[in-house]
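Student: one predicted model, sequence on top.
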Amino acid sequence: MPALWIAHVTVTDAEAYGKYAELAGPAIAKHGGTFIARGGRYVQLEGQERPRNVVARFPSVEAAVECYNSDDYQLALSHARDASERELMVVEIEE
């Protein structure tokens, strides 16, 4: 079943985070991910507000987790760790 990769992010270092974004997009695409939303308009109804919200669709939960654990995504993530506060989850889609 398909899955959504959902990230909620507060960027604290735009330059370093830009390097993450430059590397993360191709890593996500390489693992079958396609972006549905990236930093668009949002309304926070509950919980911790994060001004950047990203949703990508993957063929499966396993594909999304494989992407996250891949060397290419981990290289990208190394630029985001000290440049942002983030939450990331993968949720299976019921179809």
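Tutor: Thanks, I have the structure now.
Student: the host helix or strand of residue 6 pairs with which strands?
Tutor: Using DSSP states H and E, residue 6 maps to strand 3-11. Here strand 3-11 has these sheet partners by DSSP bridges: strand 52-58 (antiparallel), strand 84-92 (antiparallel).
Student: list of residues touching the first one?
Tutor: Meaning strand 52-58. Under the criterion Cβ atoms under 8 Å, 6 or more residues apart in numbering, residues 2-11, 28, 31-40, 42, 64, 67, 90, 93 lie in contact with strand 52-58. C-beta coordinates here come from the backbone N, C-alpha and C atoms, glycine included.
Student: same deal with the longest one?
Tutor: Strand 84-92 has contacts (Cβ under 8 Å, 6+ apart) with 1-13, 17, 20, 48, 50, 58, 60-61, 64-65, 68, 80.
Student: picking that back up, what's the next secondary structure element after the strand holding residue 6?
Tutor: Sequence order places helix 14-30 as the next helix or strand after strand 3-11, per DSSP H and E.
Student: still on that earlier bit, list buried residues within the contacts of strand 52-58.
Tutor: Listed as buried from the contacts of strand 52-58 are 2-9, 11, 28, 31-33, 64, 67, 90; burial here means 16 or more other Cβ atoms under 10 Å.
Student: what does stretch 21-32 contact?
Tutor: Contacts to stretch 21-32, defined as Cβ under 8 Å, 6+ apart, come from residues 5, 35, 56, 58-59, 63-64, 66-67, 70, 72-73, 75-77, 79-80.
Student: any idea of the mean pLDDT for stretch 41-49?
Tutor: Averaging pLDDT along stretch 41-49 yields 94.
Student: only alpha carbons, please: show stretch 79-93 as PDB.
Tutor: Only the C-alpha atoms of stretch 79-93 are listed here, as PDB (Å, rounded to 0.1, in the frame of the first residue of the first chain):
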ATOM      1  CA  HIS A  79      23.000  19.100   6.600                       C
ATOM      2  CA  ALA A  80      19.500  19.400   8.200                       C
ATOM      3  CA  ARG A  81      20.300  18.100  11.700                       C
ATOM      4  CA  ASP A  82      21.900  21.300  13.000                       C
ATOM      5  CA  ALA A  83      19.900  23.500  10.700                       C
ATOM      6  CA  SER A  84      16.400  22.600  11.700                       C
ATOM      7  CA  GLU A  85      14.000  21.300  14.300                       C
ATOM      8  CA  ARG A  86      11.900  18.600  12.700                       C
ATOM      9  CA  GLU A  87       9.400  15.800  13.100                       C
ATOM     10  CA  LEU A  88       9.100  13.100  10.400                       C
ATOM     11  CA  MET A  89       6.700  10.200  10.100                       C
ATOM     12  CA  VAL A  90       5.600   7.700   7.500                       C
ATOM     13  CA  VAL A  91       1.900   6.800   7.300                       C
ATOM     14  CA  GLU A  92       0.400   4.100   5.200                       C
ATOM     15  CA  ILE A  93      -2.500   5.200   2.900                       C
END
